[in-house]
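Participant: Following is a predicted model, sequence given first.
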Amino acid sequence: MPEPTSDAYQYHRMAGFQANPFSPEPLEATEAGRRALVGRDQSLMDLKSSLHRGRKLITVEGHFGVGKTSLVNCAAWEIYQSSFNSDDFMHFFQCPALFEISPDTVADEFRRDVYLAIAATLVKHQERIDYRNTHKKEFEILRSWLDGNRGKSTTINFSLFGLTIGRSDESQFQKGFEERGIYDHINELLDSFFPGDKGGIVCVLENSELMETSLNVLDMIERLRDSVFVTNGIRWVLTGSEEIFSHVYGSQRLSRHMGDPIEIPALTIPEAIEAFTRRIDLQQNPDRVNELPITSSEFGKLYSKLGRNLGVTFTWADNFCHWSFSQAHDSQLFGGSFEEWYEQKYQEVCEKLVGMSDDEIRILDLIGRNKGIVPDVRLSSDRDAVEHLVRKRLVAKSRVASLRNELGLILTPRAWLLVSTHELFRDQG
């Protein structure tokens, strides 16, 4: 194993990569991020079409780890680039901050964070938005407000916006806004720069399933409807699991602002392998020999055994590379094969079969045959067996939108490895 360094366990740098190719973070809204996106051409086209048609609320639905936020980021980048190469004056800018809501979210605080992020996005793109420099004073007001709020928001990371905002006299700012609020000021700027809803700032509300039920989502959006979600110059893309937005689409007050739902299926195995290859190519350092211990076919095998969850598969591939790095000897960078590591992981999971009851095996088999999710009530007579599987971290409980937000039993990645490989579940592989 190589001598320890400051990045001794950042194997990707020692292997000649610029960054970790298996990062579970969403693809960035950049040209490189777009090149790494695979199998989403139709979804990308649908999302951009909804934005161009003036829809203020667009939903992107799919299971956790399928790549919803990556799709939104790439769509926002493409539409931002293309809007300045056309003559229709419909310009789009992506807000770098990602928003979440939960049952504990305070509506006024959420609104404040949204407007902070909108103000920071306007300032970031001031030269393009106010290319005639006719709103210099208005932008100074935005900078003053942003500067006075540094460190006061627990959710907005101003470094995402790449802004350099000088210190200002906050008392002067407050004095100037005794009669007219900052929110009104920002809305007037949005009306000026995006008249008639031509273009706007694209904001993302992700992980909407944190609200637990579609009624909770509807309640929050209804409360903030006019002040945040249907404001001129702001376009919202809402991501979440399937059917978490069912009540939102049923709302008469919101339906006219909604675009058609965009459903994101899991990638096929060949598409997942292509995603793996593109991420490798994206992070390669052309001046160094690049080496990784995992092949594309091995990644494809892992993807197929982990319930076709791309995010989880990248995490497991990363874990394998760390393990291989730790197994290296002498001048080698990596040691130990994928087959050896995979067998270890498989045996660790198989150990959980020891002492497992027939009922527990039957439950795992049942959930696996139902694409990894079944309603909790369906197994109400097997409560003890279910709790044993939860303690073994083979089954998780969560409210599932595709089950009309009822409590569901979900196979964990460890369980997927088991049911897709072990002879007890042979015909599910």
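Facilitator: Perfect, I can see it now.
Participant: hey, let's count contacts and neighbours off CA atoms from now on
Facilitator: Will do.
Participant: Can you list the low-confidence ranges for the stretch 301-429 of the chain?
Facilitator: Counting by pLDDT under 70, the stretch 301-429 of the chain shows low-confidence ranges at 399-406, 426-429.
Participant: so where do the strands sit in it?
Facilitator: Listed in chain order, the strands of the stretch 301-429 of the chain (DSSP state E, counting those that start in this stretch) span residues 373-375, 395-400, 406-411.
Participant: For the most centrally placed residue in the chain, which non-adjacent residue is spatially closest?
Facilitator: To find the centre residue of the chain, average its C-alpha atoms and take the closest one (CA atoms, centre = their mean): that gives T69, at 3.7 Å. Distances taken as CA to CA, 6 or more residues apart in numbering place P26 nearest to T69, at 5.9 Å, with adjacent residues excluded.
Participant: A helix includes the one you found, no?
Facilitator: No: if the criterion is DSSP: H, G, I helix; E, B strand; the rest coil, then P26 is coil and not within a helix.
Participant: Enumerate every residue touching it.
Facilitator: By CA atoms under 8 Å, 6 or more residues apart in numbering, P26 lies in contact with G67, T69, S70.
Participant: Return the subset of these lying in helices.
Facilitator: T69, S70 (DSSP state H).
Participant: okay, the contacts of P26 in TSV with pLDDT and distance to L394 next?
Facilitator: Rendered in TSV, the data for these read as follows (pLDDT from 0 to 100; distance: CA to CA, whole Å):
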residue	pLDDT	distance to L394
G67	90	23
T69	90	27
S70	92	28
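Participant: Which residue ranges make up each domain of this protein?
Facilitator: Taking automatic domain parsing as the domain assignment, the ranges for the chain are 40-263, 352-428.
Participant: Now do the last one: distance to the chain's middle.
Facilitator: Read it as domain 352-428. On the basis of CA atoms, centre = their mean, to the nearest Å, domain 352-428 is displaced by 26 Å from the centre of the chain it belongs to.
Participant: Likewise for stretch 13-32?
Facilitator: Put simply, stretch 13-32 sits 15 Å off its chain's centre (CA atoms, centre = their mean).
Participant: that older thread, now the domains of the chain in a markdown table, with distance to L292?
Facilitator: Output for the domains of the chain, formatted as a markdown table (distance: least, CA to CA, whole Å):
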| stretch | distance to L292 |
| --- | --- |
| domain 40-263 | 23 |
| domain 352-428 | 23 |
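Participant: Out of the ones you listed, the one nearest F314 is which?
Facilitator: With respect to F314, and counting by CA to CA, the nearest of these is domain 40-263 at 9.8 Å.
Participant: Without its sequence neighbours, what residue ends up closest to A385?
Facilitator: The spatially closest residue to A385, leaving aside those adjacent along the chain, is E360, at 5.4 Å (CA to CA, 6+ apart).
Participant: quick one on the thing from earlier: with respect to D287, which of the domains of the chain lies nearest?
Facilitator: Closest to D287 of the domains of the chain, according to CA to CA: domain 40-263, at 27.5 Å.
Participant: buried set for the helix or strand that contains A275?
Facilitator: Counting by DSSP states H and E, the secondary-structure element that holds A275 is helix 269-283. Judged by neighbour count using 16 or more other CA atoms under 10 Å, the buried positions of helix 269-283 are 269, 271-283.
Participant: same question, stretch 132-143
Facilitator: Neighbour-count burial for stretch 132-143, counted by 16+ other CA under 10 Å, picks out F139, I141, L142, R143.
Participant: pLDDT on that stretch, on average?
Facilitator: The average of the pLDDT scores along stretch 132-143 is 91.
Participant: Direction included, what does the lengthiest strand in the chain pair against?
Facilitator: Ranked by number of residues, the top strand in the chain under DSSP state E is strand 91-99. Strand pairing for strand 91-99, determined by DSSP bridges: strand 199-205 (parallel).
Participant: wouldn't T121 be in contact with C95 here?
Facilitator: Yes: using CA atoms under 8 Å, T121 is in contact with C95, at 5.8 Å.
Participant: tell me, what's touching those two both at once?
Facilitator: Taking CA under 8 Å, 6+ apart as the contact definition, T121 and C95 share the neighbouring residues I201.
Participant: on that earlier part again, how much space between the residue nearest to A385 and V395?
Facilitator: Counting by CA to CA, to the nearest Å, the gap from E360 to V395 is 10 Å.
Participant: Pick out whichever of those two has more residues nearby.
Facilitator: With other CA atoms under 10 Å as the criterion, E360 and V395 differ in neighbour count, and V395 comes out ahead with 26 against 19.
Participant: For the more buried one, which non-adjacent residue is spatially closest?
Facilitator: If the residues on either side of it in the chain are set aside, V395 comes closest to L411, at 4.8 Å by CA to CA, 6+ apart.
Participant: quick one: contacts for that neighbour?
Facilitator: When the contact criterion is CA under 8 Å, 6+ apart, the partners of L411 are L364, I367, G368, G372, I373, L394, V395, A396.
Participant: Format the residues you listed as a markdown table; extra columns: distance to F194.
Facilitator: Formatted as a markdown table, the entries for the contacts of L411 read as follows, by distance: CA to CA, whole Å:
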| residue | distance to F194 |
| --- | --- |
| L364 | 53 |
| I367 | 49 |
| G368 | 49 |
| G372 | 45 |
| I373 | 44 |
| L394 | 50 |
| V395 | 48 |
| A396 | 45 |
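Participant: Those: which two are farthest apart?
Facilitator: When those are compared pair by pair using CA to CA, the maximum separation belongs to G368 and A396, at 13.1 Å.
Participant: Those two: which is more packed in?
Facilitator: Shown here are G368 and A396; by other CA under 10 Å, G368 has more neighbours (23 against 17).
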